[in-house]
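> Got a predicted model here, sequence first, then my questions.
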Amino acid sequence: GLAERADAVELYKHKLEHLSEIMKRYEGFTKIVIEDRADTLIKIKKQFPEIFVIEVCQGHYATVDHKLHKALDKTVNSIEELLSLQNN
């Protein structure tokens, strides 16, 4: 369902290694990173503050105590919750 709401979707096993190329490729576009690891999102936000980062609290990290991090733009409990968000 996410791909239907985006101009492009890219999946990376090691996304931190590809951020610079993504930033160049999609210059002028809004970039959103969806991830279940807050530490990865915080690193991304520090390197590129203009990227909108969303933490999804499901899967392997569902049992982690998720508290809102000031560095993150949004925290959701599931992909379903993410899909229900309205465009701002």
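Perfect, thanks for sending it. What you see is a predicted model, and the numbers here were worked out from it, not measured in a lab.

> all strands for this structure, in order.
32-35, 52-56, 74-76 (DSSP state E).

> Now tell me what touches the second one from outside.
Among residues not part of strand 52-56, those counted as contacts by CB atoms under 8 Å, 6 or more residues apart in numbering are 30-38, 41, 44-45, 66, 69, 71-79, 82. Backbone N, C-alpha and C define where each C-beta goes, glycine included.

> counting contacts, what elements does the helix ranked longest in the chain pack onto?
Ranked by number of residues, the top helix in the chain under DSSP state H is helix 38-47. The contact analysis (3 or more CB pairs under 8 Å, 6 or more residues apart in numbering; DSSP states H and E) places helix 38-47 against strand 32-35, strand 52-56.

> looking at those strands, which is closest to Leu11?
strand 32-35 (10.2 Å; CB to CB).

> Restrict the closest one to CA atoms and write it as PDB.
Output of strand 32-35 as PDB, limited to C-alpha atoms (Å, rounded to 0.1, in the frame of the first residue of the first chain):
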ATOM      1  CA  ILE A  32      10.700  10.000   3.700                       C
ATOM      2  CA  VAL A  33      12.500   7.200   5.400                       C
ATOM      3  CA  ILE A  34      10.400   4.500   7.100                       C
ATOM      4  CA  GLU A  35      12.400   2.300   9.500                       C
END
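
> Can you point out the buried residues in it?
Ile32, Val33, Ile34, Glu35 (16 or more other CB atoms under 10 Å).

> Could you dump those residues into a markdown table with distance to Arg25 and pLDDT added?
A markdown table is the format used below for the buried residues of strand 32-35 (distance: CB to CB, whole Å; pLDDT from 0 to 100):
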| residue | distance to Arg25 | pLDDT |
| --- | --- | --- |
| Ile32 | 14 | 90 |
| Val33 | 14 | 91 |
| Ile34 | 18 | 89 |
| Glu35 | 19 | 88 |
